[in-house]
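Trainee: Provided below are the primary sequence and the corresponding predicted coordinates.
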Amino acid sequence: MHLSASTPLRGSLVISGDKSISHRAVMFGSLATGTTEIEGFLPGEDCLSTIRCFRSMGVRIEQRGSSVTILGRGLRELMPPAEALDCGNSGTTTRLLSGVLAAQRFSSVLTGDASIQRRPMKRVITPLCAMGADIKSISGNDCAPLSIRGKQLYGVHFNSPIASAQVKSAVLLAGLYASGQTTVTEPALSRDHTERMLRAFGAKVSTGSFEGRPAVTVSETENLYGTEISVPGDISSAAFFLVGASIVPGSEVVLRNVGINLTRDGVISALRAMGAKIEVLDVRNEDSEPAADLLVRYAPLHGTEIGGELIPRLIDELPVLAVAAACAEGRTVIRDAAELKVKESNRIHTMAEGLSRLGAKVAETEDGLMIDGGAALHGGEVESYLDHRVAMSFAILSLVTDGEVKITHPECVNISAPTFYEDLESLRN
Ligand SMILES: O=C(O)C1=C[C@@H](OP(=O)(O)O)[C@@H](O)[C@H](O)C1
Ligand SMILES: C=C(OP(=O)(O)O)C(=O)O
């Protein structure tokens, strides 16, 4: 894939479905009784992995593009899978499913691609085992493949050391089966799609705070009930175009139907702090998953500091925010983001390496990046490390480099944004 400097980005895009919400809609629909209809589903490879896993456990799922119909089997009627469940590249599938499988009446194995087999699973193994689960890392390295023997679980209060929605959701899903109540507290509020959607499926979920930390409690649940889910566009995908339009002079783009849940909208705050011109228009669905149209115009950016409680609200947008920082005047410091090291790639390292290769001034730190913006950016070859967000970040940077950028394995964008290159091209015409 060779990409080169751009004319202004202009026009509008309908942003495709939110990946986190699409995963959950398939999972909860499969675990519910009755029919679930999903509109706006993201047909990206990660969400297709979730569908594949539930089909292997006997759930009837019909998927036509962004429309999905599920005939749920109920919380306790999944079938034992004939083979290991393949979660592909998806951490969300692996971790959330581990919470469900821990409570089934059968044993199973969860696995995935080379990247999944390097990602830490102890973060879910520890709390689930505290609930009575029997989960082992087959290679003994706390990574997948995981061997899971279903058990009767009991409710616990889990004080999570990290703000991770995947950990929180794995424990809450196990909590649906556990005797009594299950509470998760976390150091800062991570995305709350599980809490919102479990309520829509009829579960009892209460949210609040415990000793000053965000807390959520679920009770043992007899049934979830099939429902209709409308998935808003993914702000994590919109972020690439927010940055693209902000850095290419003359750009003006409208991104339609973008999810702006407060636990996800940190990229708008961070870009505005850098001087970006972003307007949030026509907010709708405020009682379920809020969505809006985002109007973004080119603006000269300046450096900022990104850290603390903002981090979980923009964790997946940090690679492309590093691109914005390379194009901004002055220094940007990203801190408190050590979680970036355990994503599809070590995103602190992969972004620092690629940005430097294209001329940016970047230093890796223990928990983030320090970027001195404004250096002349040139073409070159960068490694995506098969990480979709890294590939898309460099594709956006190529809009302003002097010379072509070649990205290895550009097709990995299909994990979360199968229409990314077409969408970008449509704004360049
Ligand atoms: O729950 C989710 O859908 C996700 C949670 C985040 O991961 P962590 O829970 O590891 O922070 C995020 O990075 C990931 O892309 C999706
Ligand atoms: C980290 C991500 O996803 P997951 O953890 O589901 O692989 C991501 O999409 O950036």
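Mentor: It's in. Residues are numbered from 1 along each chain as shown. Ligands and ions are numbered 1, 2, ... in the order given.
Trainee: drop to CA atoms for contacts and neighbour counts, all remaining ones
Mentor: Fine.
Trainee: Against residue 263, how distant is residue 36?
Mentor: Note on residue 36: its distance to residue 263, by CA to CA, to the nearest Å, is 25 Å.
Trainee: can you check residue 244 too?
Mentor: In this view, residue 244 and residue 263 are 23 Å apart by CA to CA.
Trainee: With neighbour numbers in mind, choose between residue 36 and residue 263.
Mentor: Neighbours were counted for residue 36 and for residue 263 using other CA atoms under 10 Å; residue 36 has more, 23 against 16.
Trainee: how close does the more buried one get to residue 418?
Mentor: 24 Å.
Trainee: The one residue in the stretch 151-300 of the chain that gets nearest to ligand 2: what's it in contact with?
Mentor: Nearest residue of the stretch 151-300 of the chain to ligand 2 (CA to the nearest ligand atom) works out as residue 166 at 7.7 Å. Contact analysis of residue 166 by CA atoms under 8 Å, 6 or more residues apart in numbering lists 91-92, 95-96.
Trainee: so which strand or helix has it?
Mentor: Per DSSP states H and E, residue 166 falls inside helix 165-175.
Trainee: Specify the next element, helix or strand, located C-terminal of that helix.
Mentor: Sequence order places strand 181-185 as the next helix or strand after helix 165-175, per DSSP H and E.
Trainee: list the helices and strands that following strand packs on?
Mentor: In terms of contacts (3 or more CA pairs under 8 Å, 6 or more residues apart in numbering; DSSP states H and E), strand 181-185 is packed against strand 157-159, helix 165-175, strand 213-219.
Trainee: Indicate each strand paired with it and its parallel or antiparallel sense.
Mentor: Within its sheet, strand 181-185 is paired with strand 157-159 (parallel), strand 213-219 (antiparallel), according to DSSP bridges.
Trainee: Put together JSON lines for the ones you listed, with distance to ligand 2 on each row.
Mentor: Formatted as JSON lines, the strands paired with strand 181-185 follow (distance: least, CA to the nearest ligand atom, whole Å):
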{"stretch": "strand 157-159", "distance to ligand 2": "21"}
{"stretch": "strand 213-219", "distance to ligand 2": "21"}
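Trainee: would TSV of the ones you listed with mean neighbour count and mean pLDDT be doable?
Mentor: Output for those, formatted as TSV (neighbours: other CA atoms under 10 Å; pLDDT from 0 to 100):
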stretch	mean neighbour count	mean pLDDT
strand 157-159	17	98
strand 213-219	20	98
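Trainee: Any chance of a markdown table for those, columns distance to residue 299?
Mentor: Shown next, in a markdown table, are the strands paired with strand 181-185 (distance: least, CA to CA, whole Å):
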| stretch | distance to residue 299 |
| --- | --- |
| strand 157-159 | 42 |
| strand 213-219 | 36 |
